[in-house]
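after the sequence you'll find the predicted model.
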Amino acid sequence: MKNPFFLFVGIVFGLWLSWPGIVSYKNWECMFEILEASKKEKISFRAFLATSPNYFLRGEKKDNLSKFRIMSDACFR
């Protein structure tokens with residue numbers, strides 16, 4: 001019983017430490033706005049500034065995890 005509890009607390013604390021805004025409803029609205037805009041092929045200026053130049057210039061792989069990281073950095077930091 002202790003191990004799942006500590007695992008859960010560790011994950012929550014780790015997410016909060018790297019993205020302190022993850023607990024704010026306003027920041028979740030930002031994330032949903034970026035998701036809706038990406039469906040229409042428009043990119044948010046905030047999300048554009050959060051991306052590294054290597055993502056565009058070197059053509060780093062654009063898998064779902066890297067897209068989620070960029071979106072999270074744009075909204076939750």
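Looks like it came in fine.

number of residues surrounding G21?
Counted with other CB atoms under 10 Å, residues neighbouring G21 total 15. In this view, the C-beta of every residue, glycine as well, is placed from N, C-alpha and C.

equivalent analysis for F13, please.
F13 has 10 neighbouring residues, counting by other CB under 10 Å.

how about the helix or strand hosting it: buried residues?
Using DSSP states H and E, the element containing F13 is helix 2-18. By 16 or more other CB atoms under 10 Å, helix 2-18 has no buried positions at all.

for the helix or strand that comes right after it, packing partners?
Next helix or strand after helix 2-18 toward the C-terminus (DSSP H and E): helix 25-39. When contacts are defined as 3 or more CB pairs under 8 Å, 6 or more residues apart in numbering; DSSP states H and E, helix 25-39 packs onto helix 45-50, helix 64-76.

now do the buried residues in helix 25-39.
27, 30-31, 34.

quick one: least confident of those residues?
Least confident by pLDDT among the buried residues of helix 25-39: that is I34, with 75.

test my guess that that one contacts S72.
No - taking CB atoms under 8 Å as the definition, I34 is not a contact partner of S72, at 9.9 Å.

pLDDT at F48, what is it?
For F48, the model assigns a pLDDT of 65.

so where's the protein shaky on pLDDT?
The chain contains residues with pLDDT under 70 at 1, 41-62.

rerun that using 50 as the cut-off
Residue ranges of the chain with pLDDT under 50: none are present.

who touches the residue nearest the centre of the chain in this structure?
Nearest to the mean C-alpha position of the chain, counting by CA atoms, centre = their mean, stands S72 at 1.3 Å. Shown in contact with S72 (CB atoms under 8 Å, 6 or more residues apart in numbering): 19, 22, 31.

that's all I had, so thanks and see you.
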